[in-house]
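Engineer: Here's a sequence, model it:
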Amino acid sequence: MNSASLRRLVSFAALAATFPSWTFAADGFFVTGYGPRQKALAGASVADGRDGMAAAVNPATIVGLDRQYAIGVTASLAYRGYSTTGLPRVVAPGDVRSGRSWTPIPNTGSIRPIDADSAWSFVSFSNGGINSAYDVRNFRAPLGGPYGGGFAGVDIRQAFFSINYARRFHTAIGPITIGFAPTIAAQMVNVQGLKALAPYSTNPWEMSDMGFDWSFGGGVRLGLLWGITDQLRFGLSGSTPMLMSPLDKYSGLFAQQGRFDIPAQLQAGFAYDLTPDFTLMADWRHIFYSAVPAIGNGGGPLRLRSLGVGTGLDYRDTDSASFGVEWRATPGLALRAGYHYSTVPLHARSLNFAALATSVAKHHLGAGFNYAVTKNSSFDFALLWAFKNSVSGYEAIPQTATLPFGRINTAATINVWAYGGAFTVGYNYKFDADDDSWLPTHF
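Structural biologist: Numbers count the residues shown, from 1 in each chain. Take a look at the predicted model:
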């Protein structure tokens, strides 16, 4: 296969996996759970993988699982926007609400054991991304929209494709499994409505209203699972930053001439089998947003010719905690629930453009179940809801000839808010022990 054909194939696969993209139940733009089981548990599963999507959280958890395949789709519902008080000078005044409230996000995964102590897996999943849309009725001169450049919105879609290998080692302190997962990442970015900010860009011809641009890259995910006792397990997983190719169409907007890398993350937790059929889980996750200039660099007050060089979204790192419980009530029915808390990545000092990338969720509740219709086939259902939260701060006035350092507009307050959730359905197929076929032969 030549390079052009490979690029088209990867482009098509990424588009299929990320269209459309928005999800709100997330830590910043990293979703809470990549499959229905993980969403029902509100993101807790780093030490307890049991389905085809297990490697999306911790590639070490696939050893010992049956050969299986999983496919699912999440319907995400998001409500978001901002309101102002006083006399804003940069953003459109009033109660401004984004469109694009509902979108689907797919996921797939498969596990194939090699022997009793090793396995490999393939997963495709999405961060969901950032998606907002504000029409011209929210008027700011000269062209309307929140920022005076007409219809405004940001659409960032990120997809991941990973082949995972894991092996279990029997040690004096218990079985330890190591997982290794090279990962390909693809993202699409479209930014609209910022043309009025052209004087603040190093390249005003490539900073807004350029349509979608593609970016490709990758990194490595690693995982560990330690069986401390027969009932207690410790899980640890992490990913390097996904180093992405530059977004040339937006080289005048994102820092480092269009570089928008995907941050590294680290997740750790415990799982405890209170009984053979009742498992408690607790996870912690840290996302290194501040290490990516386009995301972590300060965002205001804007300086002339700063966009495309150093100005970013001004996100800080996030920490989150997830608590989940699963009761395998019968051989054909598993009930799940979870709670998730996350810190907010947005700084109150940088809310001028936060409406484009609203990430303010704190409290989440999840619930769901798995129901087996045959010994091979089962269905998953999950609901994850993020309760309404907001962040308020003063507007920042950009640098001008009379304001060489810009200033804070204490006469105007911006309040960014969001809430919403995700409903996920999935199908799982487990192959019989003696079935070596690539596709299911019966259901």
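Engineer: Now do the same for the closest residue to Asp155 other than its chain neighbours: helix, strand or coil?
Structural biologist: The shortest distance from Asp155 to any non-neighbouring residue, by C-beta to C-beta, 6 or more residues apart in numbering, is to Asn190 (4.4 Å). To be clear about C-beta, it is placed using only N, CA and C from the backbone, and glycine gets the same treatment. Under DSSP: H, G, I helix; E, B strand; the rest coil, Asn190 falls in the strand class.
Engineer: tell me what the longest strand anywhere in the chain is packed against?
Structural biologist: In terms of residue count, the longest strand belonging to the chain (DSSP state E) is strand 407-430. If contacts are counted by 3 or more C-beta pairs under 8 Å, 6 or more residues apart in numbering; DSSP states H and E, strand 407-430 sits against helix 36-40, strand 68-86, strand 377-397.
Engineer: Number of residues surrounding the residue nearest to Asp155?
Structural biologist: 18 (other C-beta atoms under 10 Å).
Engineer: now do Phe288
Structural biologist: Neighbours around Phe288, by other C-beta under 10 Å: 17.
Engineer: partners of the longest strand of the chain, with directions?
Structural biologist: Here strand 407-430 is paired, per DSSP bridges, with strand 68-86 (antiparallel), strand 377-397 (antiparallel).
Engineer: which parts of it are buried?
Structural biologist: Neighbour-count burial for strand 407-430, counted by 16 or more other C-beta atoms under 10 Å, picks out 409, 412-414, 416-424, 426-430.
Engineer: what does stretch 341-350 give?
Structural biologist: Buried residues in stretch 341-350, counted by 16+ other C-beta under 10 Å: Ser342, Val344, Pro345, Leu346, His347, Ser350.
Engineer: now, which of these sits nearest Asp317?
Structural biologist: Distance to Asp317 across these (C-beta to C-beta) is lowest for Pro345, with 7.5 Å.
Engineer: mind checking the SS state of the closest residue to Ala382 other than its chain neighbours?
Structural biologist: What sits nearest to Ala382 in space, not counting adjacent residues and going by C-beta to C-beta, 6+ apart, is Gly368, at 3.3 Å. Recorded secondary structure, Gly368: strand (three-state DSSP).
Engineer: Return the per-residue confidence for Gly368.
Structural biologist: On pLDDT, Gly368 comes in at 98.
Engineer: So it sits against Phe381, correct?
Structural biologist: Yes - using C-beta atoms under 8 Å, Gly368 is in contact with Phe381, at 5.2 Å.
Engineer: between those two, which one's more packed in?
Structural biologist: Gly368 (27 against 18).
Engineer: how near is the more buried one to Gly35?
Structural biologist: Gly368 sits at a distance of 10 Å from Gly35 (criterion: C-beta to C-beta, to the nearest Å).
Engineer: what do you get for Ala396?
Structural biologist: 40 Å.
Engineer: Neighbour count: these two, which is higher?
Structural biologist: More neighbours surround Gly35 than the other of Ala396 and Gly35, with 28 against 22 (other C-beta under 10 Å).
Engineer: I'd say that one and Val425 touch.
Structural biologist: No - contact criterion C-beta under 8 Å: Gly35 and Val425 do not qualify, at 10.7 Å.
Engineer: okay, and the common contacts of those two?
Structural biologist: Here Gly35 and Val425 share the contacting residues Gly72, Asp380, scored by C-beta atoms under 8 Å, 6 or more residues apart in numbering.
Engineer: Regarding Gln257, what is its secondary structure?
Structural biologist: Applying three-state DSSP: Gln257 is helix.
Engineer: how about the helices of the stretch 251-400 of the chain, start to end?
Structural biologist: 255-258, 293-296 (DSSP state H, counting those that start in this stretch).
Engineer: Just send the ones you listed back as a markdown table, with mean neighbour count too.
Structural biologist: Listed next are those as a markdown table, based on neighbours: other C-beta atoms under 10 Å:
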| stretch | mean neighbour count |
| --- | --- |
| helix 255-258 | 20 |
| helix 293-296 | 21 |
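Engineer: between those, which gets nearest to Glu206?
Structural biologist: Comparing those under C-beta to C-beta, the one sitting nearest is helix 255-258, at 7.8 Å.
Engineer: Can you tell me who the residue found closest to Pro88 once you drop the neighbours it is linked to in the chain pairs with across the strands?
Structural biologist: Nearest residue to Pro88 in three dimensions, chain neighbours excluded: Ala412, at 4.0 Å (C-beta to C-beta, 6+ apart). Per DSSP bridges, the residues bridged to Ala412 are Gly86.
Engineer: picking up where we left off before, list the contacts for the residue nearest to Ala382?
Structural biologist: Pro36, Arg37, Lys39, Ala40, Arg336, Ala337, Asp380, Phe381, Ala382, Leu383, Thr424.
Engineer: What's opposite it in the beta bridge?
Structural biologist: Going by DSSP bridges, Gly368 forms beta bridges with Arg336, Ala382.
Engineer: And it, how far from Gly72?
Structural biologist: 11 Å.
Engineer: Look up how far Gln399 lies from the residue nearest to Pro88.
Structural biologist: Counting by C-beta to C-beta, the gap from Ala412 to Gln399 is 17 Å.
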